[in-house]
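In: Sequence and computational prediction follow.
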Amino acid sequence: MKETTITVIEKVKLKNPVLIEGLPGQGMVGKIAVDYLIKHLEAQKMAELYSPHYAYYVLVNKSGAVRLLRSEFYYWKNQEDGNDIILLTGDTQPQTIEGQYEVADAILRFAEQNSTKLILTIGGYRTESKEEPQVYISATNLELLKRASEIGIKTSPPGSPIVGTAGLLVGLAKLRNIDAACLLAETPGYLPDPKAAKSVVKVVSKMLEFNVDLTELDNEIAKSEQIEERMRKIEEQRRGSEKIRRKVEEEKVSYIS
């Protein structure tokens, strides 16, 4: 494989589709959010993207079968008056700068082929989040920012770069006259963060006016909080043991002196 390739699995005609991207990144916010939407909207796979710019290993399933790393496009047809949705998830992001641009270009070509007029990318904004993580938006035009402010979304802090596919898709979409916005949720970033993902899912569902049950995501948040609490206790025990060890060492030195 010499270049990024998209394999179409099902050709579908979509109604004013919005492409929502969520690849692995800070706190896995985008991937958790998009994977959740794929599952709970019962979206169907429409295409797969493969690239030589992805990491050079394969994934092995329970039966021992292997597959290349990939990204996947799913579609959901809105039965109401709103937009249909294309959901982009994946195993990884490109490993090089050149790869990031090539893959982003391939995604945008696919978006154009499916008459996409709006792209939303999702990621994490690394900070210590509050009880409910804040979601920030940056966009290619003022109308998108105005619509977002009407439902309580703040604009992203100035000066902070949006790294990776989530940022590049927005920047390159503008060159193709496709409206685009990036949604970043507050996250500590060191563990998968379903709480931040929930904040983004709520925002996306408001922006695009569709409903999604968040019960299962709440369950994942509870599990995540339990893991964080266990890790906190382990760290406290480690610090306590280290403090005792240092005290013993100091007493030894004092006795020898």
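Out: Sure thing, it's come through. Since the model is a prediction, treat every value here as computed from it, not as a measurement.
In: which residues are in contact with the helix or strand hosting residue 144?
Out: According to DSSP states H and E, residue 144 maps onto helix 142-150. With CB atoms under 8 Å, 6 or more residues apart in numbering as the test, helix 142-150 has contacts from 137, 139, 155, 179, 181, 207. (Each C-beta comes from the backbone N, C-alpha and C, glycine too.)
In: same thing with stretch 31-43?
Out: Contacts for stretch 31-43 (CB under 8 Å, 6+ apart): 20-25, 74-76, 85, 87-90, 122, 192-194, 197-198, 200-201, 204, 210, 212-213, 216-217, 220.
In: Do a quick rundown of the strands in the stretch 101-250 of the chain.
Out: If DSSP state E, counting those that start in this stretch is used as the criterion, the strands of the stretch 101-250 of the chain fall at 118-126, 135-139, 154-155, 179-187.
In: For those strands, which has the smallest mean pLDDT value?
Out: Ranked on mean pLDDT, the bottom entry among those is strand 154-155, at a mean of 92.
In: So in this structure, which helix runs the longest?
Out: helix 215-256 (DSSP state H).
In: Any idea how far that helix is from the middle of the chain?
Out: 30 Å (CA atoms, centre = their mean, to the nearest Å).
In: Which strands or helices does that helix pack on?
Out: helix 29-40, helix 194-208 (3 or more CB pairs under 8 Å, 6 or more residues apart in numbering; DSSP states H and E).
In: by how many degrees do the last one and strand 179-187 diverge?
Out: Counting by axes from the mean of the first three to the mean of the last three CA atoms, to 10 degrees, helix 194-208 points 150 degrees away from the direction of strand 179-187.
In: try the first one
Out: Helix 29-40 runs at 110 degrees relative to strand 179-187, counting by the same axes, to 10 degrees.
In: What is the following helix or strand past helix 29-40 packed up against?
Out: As assigned by DSSP H and E, the chain's next helix or strand after helix 29-40 is strand 44-50. Counting contacts by 3+ CB pairs under 8 Å, 6+ apart, strand 44-50 packs against strand 5-8, strand 71-76, helix 97-113.
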